[in-house]
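> After the sequence you'll find the predicted model.
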Amino acid sequence: ITAGGDPAQQVDEYIQSNKVMIFSKSYCPFCNKVKTLFKSLDVEYTALELDQVDNGSEIQAALIDKSGQKTVPNIYINGEHLGGADKTFETHSRGELLPLINKAKHNYDYDLIVIGGGSGGLAASKQAADLGAKVAVCDFVTPTPKGTTWGLGGTCVNVGCIPKKLMHQAAILGHELKDSREYGWGIPEDVTHDWSKMVEAIQSHIGSLNWGYRVALRNKKVDYLNAYATFEDPHTLRTVDRRGKEKMITSDNFLIATGGRPRYPDIPGAKEYCITSDDLFSLPYAPGKTLLVGASYIALECAGFLAGLGYDTTVMVRSILLRGFDQQVAERIGTYMEQHGVKFIRGAVPTLIEQIEEGSPGLYRVTGKTTEGEEVVDEYNTIILAVGRDPCTSGIGLENINVELAKNGKVIVDNAERSSVPHVYAVGDIIEGGLELTPVAIQAGKLLAKRLYGNGKLLTDYVNVPTTVFTPLEYGCCGLSEEEAINKYGEGDIEVYHSNYIPLEHTIAHRPENDCYAKLVCVTSENEKVVGFHVLGPNAGEITQGFSIGLKLGATKADFDNLVGIHPTTAEVFTTLNVTKKSGQDVNAQGC
Ligand code: FAD
Ligand code: NDP
């Protein structure tokens with residue numbers, strides 16, 4: 001500020017050089033109230049205390065000339081006069097104060113354009129709009145090689161979590177129908193399952209979700225473009241809709257949340273004859289004898305519910321089950337699935353798929369090769385490829401704007417989800433080093449929007465994120481696997497407490513006694529801090545969600561021991577774990 005300058009000029013300089021400028025008096029209670037409000041909103045402001053500067057009264061006179069306001073506080077935001085304390089609080093109560101402060105000066109069509117209307121993109125766009133940003137979402141589903149497409153909402157809603165969990169539930173019901181006979185229900189022996197009816201019900205639910213997302217965007221005044229978006233230059237997107245109609249739109253910031261799509265192995269017949277999870281959940285005919293290729297989340301979950309629904313199901317495993325997960329639990333999942341009718345071909349990959357018969361389903365011959373070089377051949381009605389997913393980051397013009405990608409095609413971002421191009425952000429399945437889970441994409445999208453438009457400071461925490469594999473016996477976990485804990489802390493510093501258990505509900509049904517399993521991985525030198533939580537059993541997702549807050553807050557084994565259980569539940573097993581793995585003692589359940 002020009003020292004000793006003209007007061008009017010000084011006032012202008014203060015206003016122009018500060019986003020939020022408060023002309024104040026140090027003893028004024030209204031001024032202090034306004035400052036407290038800005039502090040509570042994490043808004044940085046500059047306050048000039050007119051009673052503490054030499055030329056305070058001249059400045060106040062110049063301010064009156066400029067703003068017509070005689071009193072303090074006298075507030076300017078982004079160079080515009082707002083008013084005094086009442087006006088500030090009134091603006092805040094209408095939810096308009098933060099948007100006013102955060103409004104960037106630009107001439108683009110939008111403040112934020114989100115590419116991808118899935119978990120991360122929708123969460124970010126709705127949050128940004130709530131904070132006053134002008135937002136558009138582009139979402140477009142490229143059909144699968146079989147021609148399957150779906151509506152707004154991304155992978156989770158249409159071809160992921162939602163239909164998967166509902167099919168898992170359909171299989172669980174089948175198992176419980178059998179249990180129910182032991183509880184006195186007169187269920188006939190020949191109950192059958194109708195695949196098409198299940199698919200119809202699930203697709204109808206998904207349709208209502210798709211509609212709900214459109215309405216939510218409309219209500220929040222987010223523009224929805226059902227169009228494929230490509231970067232033309234750093235601030236311009238070319239969008240092309242289903243009819244090929246093109247439109248150019250510009251924005252100040254961009255969020256890439258384009259998710260991933262199933263990968264096809266480079267073998268003859270893969271794209272022609274196989275399907276993926278993108279086709280399975282809307283398959284209009286029963287799949288029949290099915291082969292799943294791959295041994296991670298998707299392959300095992302789909303194999304689990306298909307076998308549960310009564311289909312002859314085989315999984316072709318290249319190496320291990322559930323890479324990255326606790327291998328003891330992964331193997332127990334495999335054993336349980338095998339006991340419940342799923343066949344496993346271990347150490348093999350497919351090399352050729354041939355059609356034997358056309359039809360719905362058709363019949364296909366699959367030739368595979370084991371690691372020992374042996375050939376395995378069998379025939380299946382349906383082949384589902386679940387060999388991983390590729391990020392949708394090619395063909396969207398990222399090369400035109402120099403967004404840096406990792407070798408696997410994922411976007412390299414910093415801990416604030418900012419890419420190598422400062423106004424381009426990325427969240428969800430496409431970020432390098434992230435986690436391919438819906439709630440993670442949602443959290444990252446929301447927090448990013450709050451940081452961009454609401455003065456938020458929180459970053460997404462990718463550590464100790466709980467997850468669940470919805471295999472017939474669900475597997476919930478949070479934190480480190482036993483192997484990861486040993487690698488990180490050394491075997492000598494790890495104590496593993498574990499137990500088999502039998503849910504009370506399974507006793508009457510005469511289910512096997514020791515299929516379910518609970519395990520805590522603890523670090524001895526850190527007061528037995530629990531760094532790994534693992535549960536294999538019914539409702540594992542519900543159990544894990546609750547306990548994961550304990551891990552986030554640094555719970556120790558003693559905290560678990562001091563927790564009073566809820567009886568009779570399965571989760572209470574975690575309050576009474578007293579057998580260590582090192583002791584080699586029996587972990588079979590000891591009754592109620
Ligand atoms: P997505 O939800 O995939 O959304 C991306 C959207 O962008 C899509 O609609 C896509 O069509 C669109 N798009 C792509 N490119 C463009 C473009 N250029 N222009 C316009 N639009 C474009 N997670 C869980 O937490 N729990 C589960 O139980 C679970 N189960 C799953 C089961 C299966 C079978 C699968 C496949 C995934 C599962 N997931 C699960 C993972 C979860 O679905 C994803 O992590 C989540 O959907 C990722 O969200 P996203 O916002 O990154 O992308
Ligand atoms: P993953 O990348 O996790 O696993 C791929 C699987 O396919 C591995 O078993 C891998 O074997 C195998 N594989 C890879 N290439 C070949 C090949 N050429 N031939 C045979 N097998 C092959 O992918 P998913 O598709 O299962 O899951 C993707 C992500 O989606 C997960 O990481 C997860 O985050 C998310 N997801 C979450 C769910 C949930 O929360 N419940 C459910 C489903 C998905 P190898 O081990 O030998 O490499």
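Looks like it arrived, so ask away. Numbers count the residues shown, from 1 in each chain. Ligands and ions are numbered 1, 2, ... in the order given.
> Where does pLDDT dip in the stretch 1-150 of the chain?
Applying pLDDT under 70 to the stretch 1-150 of the chain picks out residues 1-3.
> OK, contacts around the residue of the stretch 301-450 of the chain found nearest ligand 1?
Of all residues in the stretch 301-450 of the chain, Gly428 sits closest to ligand 1, at 2.1 Å by Cβ to the nearest ligand atom. Every C-beta, even on glycine, is put in place using the N, C-alpha and C of the backbone. The contact partners of Gly428, taken as Cβ atoms under 8 Å, 6 or more residues apart in numbering, are Gly116, Gly118, Ser119, Gly120, Gly121, Ala257, Gly259, Gly434, Val440, Ala441, Ala444, Gly445.
> wait, the fifth one sits on Leu255?
This means Gly121. Yes - with contact defined as Cβ atoms under 8 Å, Gly121 reaches Leu255; the gap is 6.6 Å.
> shared neighbours of those two, anything?
In contact with both Gly121 and Leu255: Val114, Ile115, Val427, Gly445, using Cβ under 8 Å, 6+ apart.
> Go through the residues you listed and name the one nearest ligand 2.
Using Cβ to the nearest ligand atom, these come closest to ligand 2 at Val427, 14.5 Å.
> if I pick the closest one, what's in contact with it?
For Val427, the contacting residues are Gly120, Gly121, Ala124, Leu255, Ala257, Glu417, Gly434, Ala441, Ala444, Gly445, Leu448, by Cβ under 8 Å, 6+ apart.
> ok, 7 Å please
Val427 makes contact with Gly120, Ala124, Leu255, Ala257, Glu417, Ala441, Ala444, Gly445, Leu448, according to Cβ atoms under 7 Å, 6 or more residues apart in numbering.
> out of the shared contacts of Gly121 and Leu255, which are inside helices?
Gly445 (DSSP state H).
> What is the most widely separated pair among the shared contacts of Gly121 and Leu255?
The most widely separated members of those are Ile115 and Gly445, with 12.3 Å between them, by Cβ to Cβ.
> if I've got this straight, Ile202 is in a strand?
No - membership of Ile202 in a strand is not supported by DSSP: H, G, I helix; E, B strand; the rest coil, which gives helix.
> For the lowest-mean-pLDDT helix or strand in the chain, enumerate the helices and strands it packs against.
Scoring the helices and strands of the chain by mean pLDDT, DSSP states H and E places helix 97-102 at the bottom, with a mean of 88. The elements that helix 97-102 packs onto, with contact taken as 3 or more Cβ pairs under 7 Å, 6 or more residues apart in numbering; DSSP states H and E, are helix 85-93.
> Dump the C-alpha coordinates for the helix it packs on into CSV.
Provided in CSV are the C-alpha atoms of helix 85-93 (Å, rounded to 0.1, in the frame of the first residue of the first chain):
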residue,chain,number,x,y,z
ALA,A,85,-21.9,-7.5,9.5
ASP,A,86,-25.6,-8.0,8.9
LYS,A,87,-25.2,-8.3,5.1
THR,A,88,-22.3,-10.7,5.6
PHE,A,89,-24.3,-13.0,7.9
GLU,A,90,-27.4,-12.8,5.7
THR,A,91,-25.3,-13.8,2.6
HIS,A,92,-23.8,-16.6,4.6
SER,A,93,-27.2,-17.9,5.7
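> residues of that helix that come out buried?
Under the neighbour-count criterion of 16 or more other Cβ atoms under 10 Å, helix 85-93 has Ala85, Lys87, Thr88, Thr91, His92 buried.
> Backbone torsions only: list them for Gly546.
Note on Gly546: its backbone torsions stand at phi -70, psi -50 [degrees, to the nearest 10].
> and it, how many neighbours?
For Gly546, the count of nearby residues is 12 (other Cβ atoms under 10 Å).
> Check what pLDDT it gets.
On pLDDT, Gly546 comes in at 98.
> still on that earlier bit, the contacts of Val427 also near ligand 1: which ones?
Gly120, Ala257, Ala441 (Cβ under 6 Å from any ligand atom).
> that older thread, who touches both of Ile115 and Gly445?
Ala257.
> List the contacts of the residue nearest the centre of the chain.
In the chain, the residue lying closest to the centroid (Cα atoms, centre = their mean) is Thr438, at 2.2 Å. When contacts are counted by Cβ under 7 Å, 6+ apart, Thr438 is found next to Ser119, Cys156, Cys161.
> what separates the last one from Cys274, distance-wise?
Between Cys161 and Cys274 the distance, using Cβ to Cβ, to the nearest Å, works out to 22 Å.
> Compare those two and say which one has the larger neighbour count.
Cys274 (25 against 16).
> Quick check: residues of the stretch 351-500 of the chain near ligand 2?
Residues of the stretch 351-500 of the chain lying near ligand 2 (Cβ under 6 Å from any ligand atom): Ala386, Val387, Gly388, Arg389, Glu436, Leu437, Thr467, Thr468, Val469, Phe470.
> burial of the first one, as a residue count?
Applying other Cβ under 10 Å, we find 24 residues neighbouring Ala386.
> No further queries at this time; thank you.
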